Each structure stands twice: as structure tokens, then as C-alpha cells.
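In: Please work out how this folds:
(one chain, ligands or ions: 1)
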Amino acid sequence: MYRFAPSPTGDMHIGNLRAALLNFICAKQAKKGFILRIEDTDKERNLEGKDKDIKELLTKFGITWDAFYIQSHNLKFHRNFASKLLQDGKAFCCFCSESELEAKKEEAKKLGKAYRYDGTCERLSDLEVLECQKPFVIRMKKPPHALNFTDEIKGELSFEPDDIDNFVIMRADKTPTYNFACAVDDMLMDVECVIRGEDHVSNTPKQDWIRECLGYDKKITYAHLPIILNEDGKKMSKRESDSSVKFLLDSGYLPEAIANYLVLLGNKTPVEIFTIDEAIEWFDIKNISKSPAKFDIKFLNYLNREHILRASDDRLESIFGKGRANLAKFYTQESSLVNEILGKIDKIYSKKDNFDKWQKEAVILRNEILKMEIPDDFAKFKSELMSKTSLKGKAFFMPLRLLLTGVDHGPELSELYLFIKDDIKEII
Ligand code: GLU
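Out: I've put the predicted structure just below:
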């Protein structure tokens with residue numbers, strides 16, 4: 001099984017979508033199932049309706065799932081496994097209050113040392129634990145040895161017991177933390193490979209350690225994807241609009257182009273422009289570079305244009321309207337964004353009354369065009385219209401352009417003509 005496990009806490013970030021795409025591609029390659037799991041353990045940060053948004057977005061990108069889970073529905077398993085860890089002496093109850101812990105963190109900070117839990121509650125006797133009436137969290141005991149794993153992208157990684165620390169697995173309100181819920185669910189759902197952002201690298205040994213303590217010996221393979229940097233070389237924050245998938249879609253990037261871009265990012269691929277189905281043929285996670293990838297919107301623009309040019313007529317007509325596929329392709333010379341192209345096409349097809357200082361000429365041209373038989377060839381159209389109206393030069397071309405396109409600048413009319421001639425009487 002492969003899985004994508006987003007938290008419903010905000011707009012989907014391109015980093016998340018990249019993880020979803022790569023897990024999906026690898027699942028298809030391996031002919032394994034793909035799970036969508038909404039990780040809603042952080043109640044305070046969960047946003048209403050985000051799970052629906054996530055499903056809709058993934059669907060737009062052609063990502064389908066074989067099973068869907070809401071993590072909080074697994075609460076009984078999380079609680080049972082936490083009890084087991086307590087019974088087996090692999091975890092302990094910790095009664096330290098927030099303020100006590102805060103004071104110790106401050107102390108460590110003053111001494112310039114990294115804070116680690118100091119083991120206070122691990123040393124309590126069973127009786128002390130039984131008699132204590134304070135609220136408590138459950139923490140893991142540290143592993144007695146270093147934990148290693150091989151990352152498909154980063155290679156061998158090793159973590160000392162102190163890096164693992166006595167991390168919390170159950171909160172005082174008896175809900176699991178992310179690391180615990182994720183470790184248990186990956187085990188229960190028989191996940192064999194996890195591809196996710198490198199911000200999770202330090203969580204991996206913790207999750208492996210939880211499963212080891214539960215007696216699970218199946219090894220999960222990991223690939224941690226390098227972060228995405230913005231154009232200034234800084235980590236792309238969730239707040240940057242370019243990093244939101246919804247923002248990119250709303251700006252006029254096609255899902256096909258965004259998906260292509262995200263698979264290409266920091267990768268060595270046999271071709272530059274491809275579909276997800278094509279990527280399933282050759283994708284190899286080992287070709288992803290260890291170094292951070294830089295987000296390059298100009299390159300995404302280029303890919304968007306290429307995907308418009310390659311899209312089927314049906315696909316283009318669903319976006320730009322019936323019979324407008326070729327016109328949309330033609331307008332990629334003016335813009336790479338669907339919205340902008342759509343704006344230009346809409347202008348062509350919308351009612352035009354304002355011709356500035358060419359009002360009189362435009363009306364003359366319109367009347368003549370409505371009367372004439374429309375030739376296939378622009379040269380013929382132009383000469384016939386010129387001779388009928390006696391207009392020439394700017395006084396011919398400017399009003400004609402305004403009549404045909406609704407704006408005073410744009411592509412060569414002689415080229416555009418081919419794509420609009422059949423509709424010409426309707427658009428003027
Ligand atoms: N819910 C985590 C996130 O959205 C998932 C990390 C993982 O894939 O394990 O970052």
C-alpha cells in the first residue's frame with residue numbers, strides 16, 4: 001500500500017500535491033493500492049470542509065484512491081496500542097505540567113543546550129503513577145540504540161536515542177499525537193512505502209520506533225522529498241500564494257501542467273513534457289535530487305503553454321467553449337495562462353459598441369461585413385472590404401481590429417482570421 005496523508009489544516013501546498021502525485025505514481029508502478037488518509041488529529045488546527053477540498057483537488061489532478069480514511073475514526077486503535085505500550089513498559093505516563101516543562105525549556109535555552117525531556121516521570125514507581133491524580137500525557141521511552149533507515153533519496157540516516165527523546169504519543173485529552181496516529185495507521189493499513197516532505201525526516205525514526213515497540217517487524221521504505229524554495233532561494237512558505245495549489249489553478253494553470261512541473265522538480269526525467277500516465281512508465285524516485293528544488297514560475301508558464309498546445313480538442317472545448325480549441329491554441333502566443341486566454345477569447349465573442357475615435361469607420365465596416373460573403377482567405381477579405389468601404393491604413397485596420405477582437409492590440413489579424421472567419425458575422 002501507498003498513501004497520501006494530508007492534514008485538513010489549510011489550502012493544499014504544492015509540496016503536499018507533489019507528495020500525493022509521487023505516491024500515486026509509485027503505487028501504480030508497483031500495482032499496489034493507494035490510500036487517502038485525512039490526518040485530523042490536531043483538532044485546533046483542523047478546518048471545516050478541508051477534506052472535501054482535498055478530495056476535489058486530487059480528483060482534478062487525476063489522482064484516485066482505493067481506500068479513504070479519517071484518522072480520528074481510528075481512535076480506539078490508537079488508545080489500545082498506547083495502553084499496550086504502557087503495559088509492556090515501552091511508554092510511561094508523564095504528569096509534568098506545561099508550566100514545569102516550559103521552565104525547563106527556558107533553562108536549557110539559557111544554558112544554550114538543546115532541550116530534552118529530563119525523565120522525571122519515567123522514574124516514578126508504579127504506585128506513584130497509580131496514586132497521582134493529575135492529568136497526564138503518555139511518552140515513549142527512548143530506544144536503547146541508534147535507529148537507522150535508508151532513505152531512497154537521502155541515503156543512510158542514523159538517529160541517536162537523544163534525537164528520538166521521550167516524545168509524547170497521547171495527549172492529556174487522550175487523543176494521539178501525529179507521530180503516534182501516523183505510525184499506528186501506517187502499520188494497520190499495511191503501508192510499505194512512504195513518500196513525504198523532508199520536514200518529516202526527524203519523525204521517521206520515531207514512527208519506526210513506535211512500531212518496533214509494538215512488535216511490528218515489517219520495514220517501511222521512505223523517500224523524503226527536498227523542500228521547495230521560492231525564487232529568492234528561501235523555503236516556500238504556506239502563506240506564499242504561488243505555493244497554494246488552488247491559487248495556481250485559479251490563476252489559469254492547468255492541472256496537467258502543474259502535475260508535470262511537480263514531477264519534474266529536482267528530477268531527472270527522460271522527457272520534459274509528459275502526462276502522469278506517461279510518468280508511470282518511467283518514473284524513478286531515486287532520480288530525485290537531494291538538493292532543494294527552486295520554484296520557477298516562468299518554467300511553469302512554459303509547461304502550461306505546452307499542455308494547452310497538446311490538449312485534445314475536447315479538453316480545450318470544455319475550458320474555452322465549443323469550436324474554440326484552435327483559437328485557444330493560437331492565443332498561447334499571447335499568453336500562457338488559461339484565464340488570460342479565456343479573457344481574450346471572451347472579448348472576441350462579446351458585444352462590441354465602443355470603438356473610441358473609430359466609431360464611424362467601425363459601423364461602416366460592420367455593415368459591409370454583414371452583407372458580404374466571407375472568403376476563406378484574409379487577403380481577399382481585406383481587399384474586398386477596403387474597396388467596398390474606401391477605408392485604408394489605420395482608419396481601416398484599427399476599427400477592424402476593434403470589431404474583430406474587442407481590443408486595440410493583439411496578434412496579426414491575417415493569422416487570427418483563419419480561426420474566427422466562420423464566426424465573423426456573429427462576433428462583430
Ligand atoms: N499529515 C502530515 C502532513 O500533512 C502527513 C505526513 C506524512 O505523510 O506522514 O504533513
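In: Quick check: the residue of the stretch 301-428 of the chain nearest the ligand.
Out: Distances between the stretch 301-428 of the chain and the ligand by CB to the nearest ligand atom are smallest at residue 303, namely 25.6 Å. For every residue, glycine as well, the C-beta is placed using N, CA and C.
In: ok now do whichever residue of the stretch 51-200 of the chain sits closest to the ligand, which residues does it touch?
Out: Shortest the stretch 51-200 of the chain-to-the ligand distance, computed as CB to the nearest ligand atom: residue-wise this is residue 196, at 3.6 Å. Contacts here follow CB atoms under 8 Å, 6 or more residues apart in numbering; on that basis residue 196 touches 5, 19, 222, 223, 224, 225.
In: Make a PyMOL selection of the buried ones in the residues you listed.
Out: Remark: buried members of those, expressed as a PyMOL selection using 16 or more other CB atoms under 10 Å:
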select buried, resi 5+19+222+223+224+225
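In: In helices only, show me the contacts of residue 196.
Out: Judged by DSSP state H, those include residue 19 as members of helices.
In: now, among the contacts of residue 196, which is nearest to the ligand?
Out: The shortest approach to the ligand among those belongs to residue 5, at 4.2 Å (CB to the nearest ligand atom).
In: How much space separates the residue of the stretch 301-428 of the chain closest to the ligand from residue 146?
Out: The span separating residue 303 from residue 146 equals 43 Å under the rule CB to CB, to the nearest Å.
In: With residue 279 instead?
Out: From residue 279 over to residue 146 the distance is 36 Å, taken as CB to CB.
In: quick one on the thing from earlier: sec struct for the nearest residue to the residue of the stretch 301-428 of the chain closest to the ligand once chain neighbours are set aside, please.
Out: Excluding its sequence neighbours, the residue lying closest to residue 303 (CB to CB, 6 or more residues apart in numbering) is residue 257, at 4.5 Å. When the structure is split into helix, strand and coil by DSSP: H, G, I helix; E, B strand; the rest coil, residue 257 lands in helix.
In: Isn't residue 257 up against residue 310?
Out: No - the pair residue 257 and residue 310 fails to qualify as a contact (CB atoms under 8 Å) at a distance of 9.9 Å.
In: and the stretch 151-300 of the chain, which of its residues are near the ligand?
Out: Taking CB under 6 Å from any ligand atom as the contact definition, the stretch 151-300 of the chain meets the ligand at 182, 196, 200.
In: is it true that the last one touches residue 225?
Out: The one in question is residue 200. No - in this structure, residue 200 is not within contact of residue 225 by CB under 8 Å, at 9.5 Å.
In: Phi and psi next, for residue 70.
Out: Backbone torsions of residue 70, given as degrees, to the nearest 10, read phi -110, psi 120.
In: Sort out which residues of the helix or strand hosting residue 54 are buried, please.
Out: Assigned by DSSP states H and E, residue 54 belongs to helix 50-60. In terms of neighbour count (16+ other CB under 10 Å), helix 50-60 has its buried residues at 50, 51, 53, 54, 57, 58, 60.
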